[in-house]
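[1] Give me coordinates for this.
(chains A and B)
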Amino acid sequence: MNEDERQVGQCGHNDGLDPLSRREFLQSIGGGIIIFFTAGGAPTAEGQRRDKKERPDFNAYLRIGEDGRVACFTGKVELGQGVITSLAQMLADELDVPMESVDMVMGDTALCPYDAGTWGSMTTPYFGPVLRAAGAEARAVLIELAAEHLEVPKNRLDVKDGVVFDKARKRRNVTYAQLAKGKRIERRLEQEPQVKSVPELDIIGKPHNRRDALEKVTGKAKYTGDIRVASMVYAKVLRPPVHGAKLKSLDASAVDGIDGAQVVRDGDLIAVLHKTPDEAEKALAKIKADYDVPEARFDDKSVFDYIVDNAADGKVYREGGDIESGQKLAQDVVEETYLNSYVSHATIETHTALAQFEDNKVTVWASTQTPFGLQRALTGELGIPAENIRVIAPFVGGGFGGKISNGQAMQVVKLAKIAKKPVQLTWSRADEFFYDTFRPAAVVKIKSGLTDSGKIVLWDYRIYGMGGRGADLFYDVPHHRTTIYQKLRNGDGMHPFPTGAWRAPHNNTNSFARESHIDIMAAGAKIDPLEFRLRNCTDERMRGVLKAAAEKFGWTAAKGPSGRGFGIACGSDVNVPVALIAEVEVGGRTGSVQVKRVVCALDIGLVINPEGVKLQVEGAITMGLGYALTEEVHFQGGRILDLSFGTYELPRFSWVPEIETVLIKADDSPSKGCGEPPIICVGGVIANAIYDATGARLFQLPMTAERVKEAVASRARHAVLTA
Amino acid sequence: MTNDYKSGKCRKESYLAEFCLRAPGFVSRSNRGQGLKASKEKEKGLTEGGFHQSNDNSRIKAVQLKKLLLDNRTGIRLHMQVECKSAIIWVKRGHDMNETISFKVNDKAVSLTTDGERKLLWVLRTDLGLTGTKYGCGKALCGACTVIVNDRAVRSCVIPVRSIKGKEVLTIEGLAKNGKLHPIQEAFIEHDALQCGFCTAGMILNAYSLLLRNPQPTRAEIIRGMENNLCRCGAHLRIIRAIESAAQKMKGARQK
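    Now for the predicted structure:
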C-alpha cells in the first residue's frame, strides 16, 4: 500500500450510484485478494442509511496485499472513540492475522466505499458484523488457495498469524503474502459466511491498547489543521454578532494596509486570508461591519416558559392502555416539570477544513463525522459531480455529534474557489461556540400515578423542544402516553440557533426527567429506589444491569433521603441498558457537589475490546459531569453569550470520581456500541444522589452550585414551615 | 504604521494568562496601582503607554505615560498579577517592524525574522511546521498549546515569540530522544490515557513540567497541577494514573 493510503485517517465516501465512479474506484485498488462486502444477502450497514435513495452495492472492503498486510477500507472516522482499534481486532481475529499487520484506512471518499457517517454508537453493531463476515470470507478464500498451493485438502488446513499450515505436518505451510503474490482476486460477499463462534475467538474480547496512541503521544498524528499543501493560505471568518443577523454595511478598508492580507466575500460570508493564521486574525479585527439584529424572543432563563407556552399541538410518540383508566387506578398522582439547557459540544479541536481545487476537481480535508455527507453537500454547493470531490477526514479531535455538521467546510470551499488557491480554515474558539449545533434546551412534564402497593399505573409524559430518544418506557406501566411538541404555533422551530445531535441526543434529558421522577415516586411510597425500580420493571436486561451495579457498589436498601448521598438511575440507549449508582458529597452552604464514586453497569453483548469499553464509560461519565453540574449556554435570542472556556465550564481533573465499570457477560448477544449509553444517566444519578444527601430535589440541569444552594435552602425553609 | 496595543478590558482569561506573559519591561509589583515609573520606562524606550487595573472586569484606573522613547524591541503588551484580578499595560509604538529572533526548539537553533508580537503557537505551527502543538482556545484557558520554555510549561497561544529570544523551547516532537519515548509518553500509551488525542501533547508537556518540579507528586498534587488542562473526551482518570506511573518509572532515573 502506498504512503497516502497508509495514513490512518478517517472515512471515505462513494455515492454508489455512478457506474463510472464505481469502475474507477475498483481500478484504484491494487493487487492482492480483495473482498467486497455486498449489500445482497450479506449483512450491511443498511440500518444506518437514512437517505433511501442511496444504494451502495458495497459498504467497505478489505484487501490482503502482496506484502501480506491486511487493509481495511472503511468510511468510518476515528474521533477518539477507539474504532481504529476495535475494528482491527474484529478483522484480525476472523482472518487469523496479528493485529500489527492490519492497516485501517478510514474516512477518505476516494479510497473508502460509502458510509453514512460515524454517529449513534453504530460502528460496532452495524459495521462490525459486516467486517467480521468479510474477514471470514477472506480467510476461506485463502484456505482454498492454500489447498491448491500445498496440495492438501481444505479440512486439513488451519491458520495462525497469517500462515496457512497442514495440521498434520506443520512444516508444510504457506503465508498469506505468498498466496496473494501476483494475484488479483476479487470476491463479493454474496452470503453471510460463518464467522467464528465465541470459544474460537482469540483477539475479540481481549483488552487491547489504543493503536493510535503512539502517533498521538509523539505529535505525529495528523488532524485537519496539521495538513499543509503548497501555496495554501489561512482564513479567518467574520462571525456575525447574532444568529439571524443581516449585514448592513461593511468597511474592510483598514485591511488594505496589511501586507499579504486579502479580504474575500461571498454574500454574507466575509473572510480574511493570509499566509499565517494569526496575521489573518489580526487583520480580521480591523474590519468594521454593521448588522441588523433580529429581536430576541427569549433568553436562557425564559426559554422554558416560551417553548411550552407557544408550542403547537404535539404528536403522540408512544401510547399504551389509556390515560383515563390510569388516572382512576392511581392512588397517588405525582406531577412535575423538568428542565434542561442548551449545551455545546466544545470539542478541543475546533471545526477545521482545507480545500484545494485542481482543474475541475476539489479535495477537502475536514474534521468531520460525515465525510460522505459532506461530499454530497458539496456536490450541491459547487455543482460538480461527487467523483470530482474527494473528502478526507484525518484524525478528528472529538465529535460527540458536533462534527456531523460541516459549516466550516462549506465556508472554506467558497473561499478557496474565489481565492483560486488552497485555503485552510480553523474556527476560533468563539466561532466554535457560536456556530455549534447545540443540544436543544427542553422541558419534560410528567404526570404519573401509583397504587398503594407501589406499582406505577399511569405515565403521561410530554416533551417540549426535542425528540423522543430515551423516552421509551422500560418500566411496566399499563396506561401510558408520550407526546412530543417540537414546533411553535406559528410553524417555526423552537430554537433561535441551530441545534443538533449531542452524545446520545435527547436521551440525557429524557433519562434525567424519568429517573428523577421515578425517585420522587419511590421516596413518596417510602420504598428503596432500587427496590422500587425492580418492582416496576420486568425487562431482564435492565434488571441485570441494576442488580450488577448494586452488587458492585455494595448497595443497601434505604428509603430516600437516607443522608448517605447515594443515587441510582437507569436507562437505555441504542439497545444498551445501563445502570449508574453514584455517591456524592454536597456542600449545603455553597451548593458545591463533589461526585466521589460512580459504578456503571451495562450490557453491550459480545465485548470486542473491554479496555476500550471502559475508556468510553469513563469518558462518558466524566463528560456527563459537565451537563449535570455546570454546562449551559447563556444567550439572548440569537446572541450567544458564552464564547470561551472562561464562562462555559468543562469538567476538570478535580471533579472526576472513581469510576468502576461492570460489563454484563452476554457473549451470545450481538455486539453493541458503547460511546453513548453510559452518559445518559449522569444527570439523573447525580440529581438522585443530591436528593439522598440533602432531601432537596433539583428539577433543572445543570445543577449549578447556585441552584443546589437554592434547593437546599428552600427545603430548609419548607421544613421550618411544616415543623 | 502605528500599532495600538491598547486593551481596555481585563477578563478572567488575562488573569489565567499572567504566568506566561512576562516579557521584557515587566513591571514589578511595587508599581501596582500607581502607574509606571517614567524613568524605568525611559530605559525601556516606550513612547506612550498606560496601566489599566481591573477588578471584576471593570476598568478602574488608567494612567497615561508620556514622553517615552521608542524602542520596538521592548516587550509591548504585558499582563501582570495585581491585587484582585489583573492589569494590562498598554503602549503605543511607532513602528511595526519585523525583528530577528533566535531561540532553540527541540535542541535545534532557530532564527527567524518576524513580528515579535506574534504568538509562539503560530510560529511553531506555521513557520516551523511543528504541528504537534495544538490550538484549542487562544486564551490560555485549555492547555492544548502547552510547550516547555526553559523547563517551564507555558501556553504558547498567548506568549509573544519575542519573549522567548535566546531561550529553549521543547515541543511534543522533541520529547522522545534518539527514538526512545519519554516515560510519560510510554505511560500514556500503556494506560490508554487519551482518546481523540487533541489535548494530549499539552497534557504530556504539562505533566513533564510538573514532574521536573515535583518528581514524586501525590495524587492530589497531580490533580492540582493538571487542573487547568482541559480534556473533553474524559481521559482524566487515565492521565492521572499515567503520570503516577511515569513518576515511578522516572524515580532514580533522573530523566528529563
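
[2] correct me, but A:Ala136 touches A:Glu94?
    Yes - using CB atoms under 8 Å, A:Ala136 is in contact with A:Glu94, at 4.8 Å. For the C-beta atoms, the positions are set from N, CA and C on the backbone; glycine is no exception.

[3] Show me whatever sits in contact with both of these two.
    Taking CB atoms under 8 Å, 6 or more residues apart in numbering or on different chains as the criterion, A:Ala136 and A:Glu94 both touch A:Val195, A:Lys196.

[4] Quick check on the two: which one has the bigger neighbour count.
    Per other CB atoms under 10 Å in any protein chain shown, whichever of A:Ala136 and A:Glu94 has more neighbours is A:Glu94, with 26 against 21.

[5] any idea which element the more buried one lies in?
    Here A:Glu94 sits within helix A:83-95, counting by DSSP states H and E.

[6] That helix and chain B, any residue contact?
    No - residues of helix A:83-95 contacting chain B under CB under 8 Å from any CB of the partner chain: none, with a closest distance of 9.3 Å.

[7] Packing partners of the next helix or strand along the chain from that helix?
    As assigned by DSSP H and E, the chain's next helix or strand after helix A:83-95 is strand A:102-106. With contacts taken as 3 or more CB pairs under 8 Å, 6 or more residues apart in numbering or on different chains; DSSP states H and E, strand A:102-106 sits against helix A:3-6, strand A:70-74, helix A:83-95.

[8] now these in CSV, with mean pLDDT?
    CSV is the format used below for these (pLDDT from 0 to 100):
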stretch, mean pLDDT
helix A:3-6, 35
strand A:70-74, 90
helix A:83-95, 96
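
[9] Let me have these in TSV, adding distance to A:Pro577 as columns.
    TSV is the format used below for those (distance: least, CB to CB, whole Å):
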stretch	distance to A:Pro577
helix A:3-6	40
strand A:70-74	28
helix A:83-95	20
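
[10] all helices for the stretch 401-550 of chain A, in order.
    A:407-419, A:429-435, A:507-524, A:529-535, A:540-553 (DSSP state H, counting those that start in this stretch).

[11] that older thread, and the helix holding A:Glu94, how far from the chain's centre?
    20 Å (CA atoms, centre = their mean, to the nearest Å).

[12] what's the distance between the closest residue in space to A:Asp460 that isn't next to it in sequence and chain B?
    In space, and not counting its chain neighbours, A:Asp460 is closest to A:Lys447: 4.3 Å by CB to CB, 6 or more residues apart in numbering or on different chains. A:Lys447 sits at a distance of 35 Å from chain B (criterion: CB to the nearest CB, to the nearest Å).

[13] you'd agree A:Lys447 is up against A:Thr337?
    No - counting by CB under 8 Å, A:Lys447 stays clear of A:Thr337, with 10.0 Å between them.

[14] which of those two has more neighbours?
    Ranked by neighbour count (other CB under 10 Å), A:Lys447 and A:Thr337 place A:Lys447 first, with 19 against 15.

[15] Tell me who's in contact with the residue lying closest to A:Ala557 once chain neighbours are set aside.
    What sits nearest to A:Ala557 in space, not counting adjacent residues and going by CB to CB, 6+ apart, is A:Asp528, at 3.9 Å. A:Asp528 is in contact with A:Ala522, A:Ala557, A:Ala558, A:Lys559, A:Gly560, counting by CB under 8 Å, 6+ apart.

[16] if we go to 7 Å?
    Applying CB atoms under 7 Å, 6 or more residues apart in numbering or on different chains to A:Asp528 gives the contacts A:Ala557, A:Ala558, A:Lys559.

[17] What's the local residue count around the second one?
    In this case it means A:Ala558. If you count neighbours by other CB under 10 Å, A:Ala558 ends up with 15.

[18] Quick check: it is in a helix.
    No - judged by DSSP: H, G, I helix; E, B strand; the rest coil, A:Ala558 forms no part of a helix; its state is coil.

[19] for the one residue in the stretch 101-250 of chain B that gets nearest to chain A, what are its contacts?
    For the stretch 101-250 of chain B and chain A, the shortest gap (CB to the nearest CB) falls at B:Gly132, measuring 2.1 Å. If you count contacts by CB under 7 Å, 6+ apart, B:Gly132 has them with A:Gly219, B:Thr171, B:Ile172, B:Glu173, B:Ala201.

[20] is it fair to say it lies in a strand?
    No - B:Gly132 is assigned coil when assessed by three-state DSSP, not a strand.

[21] What residue spans form the domains of chain A?
    A:3-216, A:226-294+A:351-426, A:442-722 (automatic domain parsing).

[22] Tell me which of those sits nearest to B:Cys157.
    Closest to B:Cys157 of the domains of chain A, according to CB to CB: domain A:226-294+A:351-426, at 9.5 Å.

[23] Leaving out chain neighbours, which residue sits closest to the residue of the stretch 101-250 of chain B closest to chain A?
    Closest residue to B:Gly132 apart from its sequence neighbours, by CB to CB, 6+ apart: A:Gly219 at 2.1 Å.

[24] Which helix or which strand is home to the one you found?
    Following DSSP H and E, there is no helix or strand that holds A:Gly219.

[25] Isn't B:Gln216 up against B:Ala247?
    Yes - between B:Gln216 and B:Ala247 there is a contact at 5.8 Å, judged by CB atoms under 7 Å.

[26] Between the two, which is the more surrounded one?
    B:Ala247 (20 against 11).

[27] so what's the more buried one scoring on pLDDT?
    You'll see B:Ala247 listed with a pLDDT of 98.

[28] now swap in the one 5 residues further on and tell me
    With respect to pLDDT, B:Gly252 scores 63.

[29] And for A:Trp459?
    98.
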